[in-house]
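J.: Any chance you can model this:
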Amino acid sequence: MAGPVSSTAAPSMAHNPGVRYGPALGLLASLFFMWGFITVINNTLLPHLRSVFDLSYTQTTLIESVWFIAYFFASIPSAKLIERVGYQKSMVIGLLIMAAGAAGMTLAASIPSYGVTLVMLFVIASGITLLQVAANPYVAVVGKPETASSRLNLVQAMNSAGTMLAPLFGAYLILGRSKGGTSQGDVVLTQAERLADAQSVILPYIIVAVILVVLAVIIARFPLPAMGNATSRHSKEERKKHSLWVHRNLVFGIPAIFIYLIAEIGVANLFVNFVSQPDIANLTHEQAGNYLSLLWGGMMVGRFAGSAIMQKFDAGHVLAAFSIGAFIVMLVTVFTTGPIAMWSLILVGLFHSIMFPTIFTLGIKGLGPLTEEGSGLLIMAIAGGALVVVQGKLADEFGLQWSFLLTAACELYILFYALWGSKVTHALPDQPVAE
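T.: Residues are numbered from 1 along each chain as shown. Okay, here's the model as predicted:
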């Protein structure tokens, strides 16, 4: 199965000493910031919509499920569009799709409509999918080959910066300007209050839409260095000689990505509702949104620390240690109350930090000419975030706190993958790019 091009699948562009790559890299880093920012706005948007539409936890998490379903449906069309129009134009199109969805959110808020909200979030997520498929390989090849890893770490840090700042933005402009967001715990709103709260979403999404359009115009006019044939696909005949399914690290890596996303998105989406409970921290949704930024900040710190640690220690062993840490803090979250439960949930962000990039790297190791196809399957596995609705159902049936046992179970699979599933079998040599 042909999948979208991956950052790690793309061979490096021949470096041209006469070309300055810094400005292009800085501009591309802004894309990583924006999709991280917009994705995490959902974490403050969900408790807001729960109050506005009087949703169950199942209905609330369905919103995020729709978001991640877009990764499944949009990834392959995105790859085909890139083949047709190129990377730079695809980035522009992705930004404009996101802007259209953000503008549509103002319509959903004006009605207000739960159904229209779901559609517009799907549109935004589709634009982000296209942006990721286009920008990741470009960052990998723009500049000196020996510094590719450094560039990817830099833009991933910018992505984390976006996820850290988004809760503050959402808490101030969405939760802080709404009746539901400034009330203790869950509150039943009158019809007039629901309409007023729904309209508090309009200004933030207008701001986001304008920024996205401006960024699209800048990228369209920016002289990005040409990629040449740096991401040429290997011949179909060569790939047919090998099978993806004999590579244990990929076979178990696909569900590892899928399951990890259930854990990460479940924690982030239910964080505000959880810490707002009287027996946890008894905060308003606005105050809880501020604490959510610490969760994402921990992920940023963990990525820097993990990158340094993995220069001296085996990546699989580091992943195992982090998964054990995540499992322990999730048990603390489930079986304690008060500030201890809140801070243990915040701490899981630190342990989750390295999981996605490390699983991804281990999953494509030794695939050789099959790297591109394997990467595509791993990218599609991001759709696992859609199953956060399962945790929503568990929260409705057994209580929000008990639902985090699902997260703890996810950490155990990551531990299994780190210790056994990630071991490379039938390793293939990398293939040179045809000149």
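
J.: For the stretch 151-300 of the chain, which segments count as helices?
T.: 191-199, 202-221, 236-240, 248-251, 253-275, 285-309 (DSSP state H, counting those that start in this stretch).

J.: Single out the most deeply packed of those.
T.: Counting by mean count of other Cβ atoms under 10 Å, helix 253-275 has the highest mean neighbour count of the helices of the stretch 151-300 of the chain, with a mean of 24. Where C-beta positions appear, they are placed from N, C-alpha and C, glycine not excepted.

J.: Go through the helices of the stretch 151-300 of the chain and name the closest to Ile93.
T.: helix 202-221 (8.3 Å; Cβ to Cβ).

J.: Quick one: residues in contact with the closest one.
T.: The set of residues external to helix 202-221 that reach it, using Cβ atoms under 8 Å, 6 or more residues apart in numbering, is 27, 30-31, 34, 38, 41, 88-89, 91-92, 95-96, 98-99, 102-103, 105-106, 109-110, 169-170, 173-174.

J.: any chance of the helices of the stretch 151-300 of the chain in JSON lines, plus distance to Met120 and mean pLDDT?
T.: Listed next are those as JSON lines, based on distance: least, Cβ to Cβ, whole Å; pLDDT from 0 to 100:
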{"stretch": "helix 191-199", "distance to Met120": "13", "mean pLDDT": "64"}
{"stretch": "helix 202-221", "distance to Met120": "9", "mean pLDDT": "90"}
{"stretch": "helix 236-240", "distance to Met120": "38", "mean pLDDT": "62"}
{"stretch": "helix 248-251", "distance to Met120": "35", "mean pLDDT": "94"}
{"stretch": "helix 253-275", "distance to Met120": "18", "mean pLDDT": "92"}
{"stretch": "helix 285-309", "distance to Met120": "21", "mean pLDDT": "84"}
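
J.: Kindly state which of those helices is positioned closest to Ala134.
T.: helix 202-221 (10.2 Å).

J.: Which ones among the contacts of helix 202-221 lie within helices?
T.: 27, 30-31, 34, 38, 41, 88-89, 91-92, 95-96, 98-99, 102-103, 105-106, 109-110, 169-170, 173 (DSSP state H).

J.: Mind checking which of the contacts of helix 202-221 are buried?
T.: In the contacts of helix 202-221, burial by neighbour count holds for 31, 34, 38, 41, 88, 91-92, 95-96, 98-99, 102-103, 105-106, 109, 169-170, 173-174, counting by 16 or more other Cβ atoms under 10 Å.

J.: Quick check, Ala281 in contact with Asn273.
T.: No. With contact defined as Cβ atoms under 8 Å, Ala281 does not count as touching Asn273 (11.4 Å).

J.: joint contacts of the two?
T.: Here Ala281 and Asn273 have Ala288 as joint contacts, going by Cβ under 8 Å, 6+ apart.

J.: Using PDB, write out the CA atom coordinates for stretch 40-60.
T.: Provided in PDB are the C-alpha atoms of stretch 40-60 (Å, rounded to 0.1, in the frame of the first residue of the first chain):
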ATOM      1  CA  VAL A  40      -4.600  21.500  21.200                       C
ATOM      2  CA  ILE A  41      -7.200  24.300  21.100                       C
ATOM      3  CA  ASN A  42      -9.600  21.300  21.000                       C
ATOM      4  CA  ASN A  43      -8.600  20.400  24.600                       C
ATOM      5  CA  THR A  44     -10.100  23.700  25.800                       C
ATOM      6  CA  LEU A  45     -12.900  23.600  23.200                       C
ATOM      7  CA  LEU A  46     -14.200  20.200  24.300                       C
ATOM      8  CA  PRO A  47     -15.300  21.100  27.900                       C
ATOM      9  CA  HIS A  48     -16.700  24.400  26.400                       C
ATOM     10  CA  LEU A  49     -18.800  22.500  23.900                       C
ATOM     11  CA  ARG A  50     -19.900  20.000  26.600                       C
ATOM     12  CA  SER A  51     -21.500  22.800  28.400                       C
ATOM     13  CA  VAL A  52     -22.900  24.600  25.400                       C
ATOM     14  CA  PHE A  53     -24.600  21.500  23.900                       C
ATOM     15  CA  ASP A  54     -25.100  19.600  27.200                       C
ATOM     16  CA  LEU A  55     -23.100  16.600  25.900                       C
ATOM     17  CA  SER A  56     -22.300  13.300  27.600                       C
ATOM     18  CA  TYR A  57     -18.600  12.300  27.800                       C
ATOM     19  CA  THR A  58     -19.200  10.000  24.800                       C
ATOM     20  CA  GLN A  59     -20.500  12.800  22.700                       C
ATOM     21  CA  THR A  60     -17.700  15.100  23.800                       C
END
